[in-house]
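Chemist: Attaching a predicted model along with its sequence, questions to come.
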Amino acid sequence: GIGIYNITRFGGSVLKAFSPMHMYQYLRNGGKDNWLSLGGILLSITGTEALFADLANFPVSSVQIAFTLVVFPCLLLSYSGQAAYLVNNLHHSQDVFYRCIPGTAVVLVMLFTTLLMTLVMIIVWQCHWILVVLFTGLSLIVECTYFSVILFKIDQGGWVPLAIAGVFLTVMYVWHYGMVKRYEFELHSKVSMAWLLNLGPSLGLVRVPGIGLVYTELASGVPHIFSHFITNLPAIHSVVVFVCVKYLPVYTVPEGERFLIRRVGPNNFHIFRCVARYGYKDLHKKDDDFEKKLFDNLFMSVRLEMMMECSSDSEYSLCEPQIEVNNNNGNTTSSSNVDLSISSVDSTLHSRSPSYLNIIVQSSSHCTEVDELEFLNKCREAGVVHILGNTIVRASSGSSFYKKIAIDYIYAFLRKICRENSMFLNIPHESLLNVGQVFYV
């Protein structure tokens, strides 16, 4: 942006340097002196070598595309802008890089660095508040003094970084605002469990063979997309799994703790909820066998649930252990209603020998009349369909003018140019079912 501004302000004659004819005329008319001046151009070449330091960490195609479409054009504009500035300010050749940048950009960077440093001292380092106040106060006194002087130079080029920063701030704020409003609408529109239970044993629907993975942003409750789907089409798959992908503010989530699965409603509903958790380092890649891992954890969850239900009649009970608790009167009470999470049961299972696990599975398999695991396998073989909401967010009729501009135009445009959720979640196109919805926020 600074390079484009300098080219526009100080003249675009420097763009002639890209013409081979102009290069020939430059060498012919200037003779030896112009030829020797080409040595200075090598500085612009050697200065870009630092960009190649860590390129081995990226794929070849990514490097080629990034350098061709982003890095190389930015370098040309930056050096061309400096050349245009030098043509009109020959005495500034010593510090041309800093002189051609408007002072407002530099001082704003200093101010934001100080503010971010203050947050680091408070949150990360947990420094005493007196040290934080001293550092912030002294730094802001110096930087605000410089900033007050630079404000008088906004009309001399300082408005360029301010305009660029304003555009980025608007984009990020509108995107965050739209996502929050969309989540709030979905949260308030979720269906209660009472409504789900009143549908009857088979949900009052036609249950077709297969498994339906319903993607939602909610980690609890019945999502609005499910009620919207069965209202317009009274049929659903034999097994339904509400899938929620969440990114946590941690470095990474171990594979053993990636999925949290629980049952929704009675057993005959065959409805489950799966929360897939990722850290900011983890990537939801196409080749990570997400669907296979999801079903493996689902089957393990059902198997553990069957063991917990049958543990009262099993000699090798793991799920409802008898715990003796001494009360104040000295009496001993036996509590068998201990709610053990899947993670605790899983850790107990790993600590047992394989032969012991086989005994438990064999004893628990006789406690159920219908093997639900076999039912799940048959449904999986029948086919898996990914049900994804294709939502359109609109501002409500009573919204303000600025909210309508932000939601109906800016946010809608950002949603249009961004990747689709099916691409982000790596959902196979042949097994994708989009459900259209309109959210009035």
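Modeler: Done, it's in.
Chemist: from here on, contacts and neighbour counts on C-alpha atoms
Modeler: OK.
Chemist: What count of nearby residues applies to Asp289?
Modeler: Summarising burial for Asp289: neighbours were counted as other CA atoms under 10 Å, giving 10.
Chemist: Gly210 belongs to a strand, doesn't it?
Modeler: Yes - under DSSP: H, G, I helix; E, B strand; the rest coil, Gly210 falls within a strand.
Chemist: Grab the nearest non-local neighbour of it.
Modeler: Cys379 (4.3 Å; CA to CA, 6 or more residues apart in numbering).
Chemist: so what's that neighbour up against?
Modeler: 209-211, 238-239 (CA atoms under 8 Å, 6 or more residues apart in numbering).
Chemist: again, only this time at 7 Å
Modeler: Cys379 makes contact with 209-211, according to CA atoms under 7 Å, 6 or more residues apart in numbering.
Chemist: got it, and Ile407?
Modeler: The neighbours of Ile407, taking CA under 7 Å, 6+ apart as the test, are 178, 394-395.
Chemist: now, which of the residues you listed lie within helices?
Modeler: Cross-referencing these against helices under DSSP state H gives Gly178.
Chemist: Which one (most neighbours) among the contacts of Ile407?
Modeler: For those, neighbours were counted by other CA under 10 Å; the highest total belongs to Gly178, with 25 neighbours.
Chemist: Against Ile407, how distant is that residue?
Modeler: For Gly178, the distance to Ile407 equals 6 Å [CA to CA, to the nearest Å].
Chemist: What ranges does the stretch 101-250 of the chain have for its strands?
Modeler: 206-215, 235-247 (DSSP state E, counting those that start in this stretch).
Chemist: got any ranges where the stretch 251-400 of the chain has weak pLDDT?
Modeler: 285-287, 311-370 (pLDDT under 70).
Chemist: which stretches of it form strands?
Modeler: Under DSSP E, counting those that start in this stretch, the stretch 251-400 of the chain gives strands at 259-264, 271-278, 323-326, 332-335, 384-394.
Chemist: would you turn the ones you listed into TSV with distance to Thr8?
Modeler: Below are the strands of the stretch 251-400 of the chain laid out as TSV (distance: least, CA to CA, whole Å):
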stretch	distance to Thr8
strand 259-264	55
strand 271-278	46
strand 323-326	80
strand 332-335	80
strand 384-394	39
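Chemist: Which among those strands is found nearest to Phe229?
Modeler: strand 384-394 (9.4 Å; CA to CA).
Chemist: helices or strands next to the closest one in the packing?
Modeler: With contacts defined as 3 or more CA pairs under 7 Å, 6 or more residues apart in numbering; DSSP states H and E, strand 384-394 has these neighbours: strand 206-215, strand 432-440.
Chemist: what sits against the closest residue to Cys244 other than its chain neighbours?
Modeler: Of all residues beyond its chain neighbours, the one nearest Cys244 is Val275 (4.8 Å), with distances taken as CA to CA, 6+ apart. Listed by CA under 7 Å, 6+ apart, the contact partners of Val275 are 219, 243-245, 259-261.
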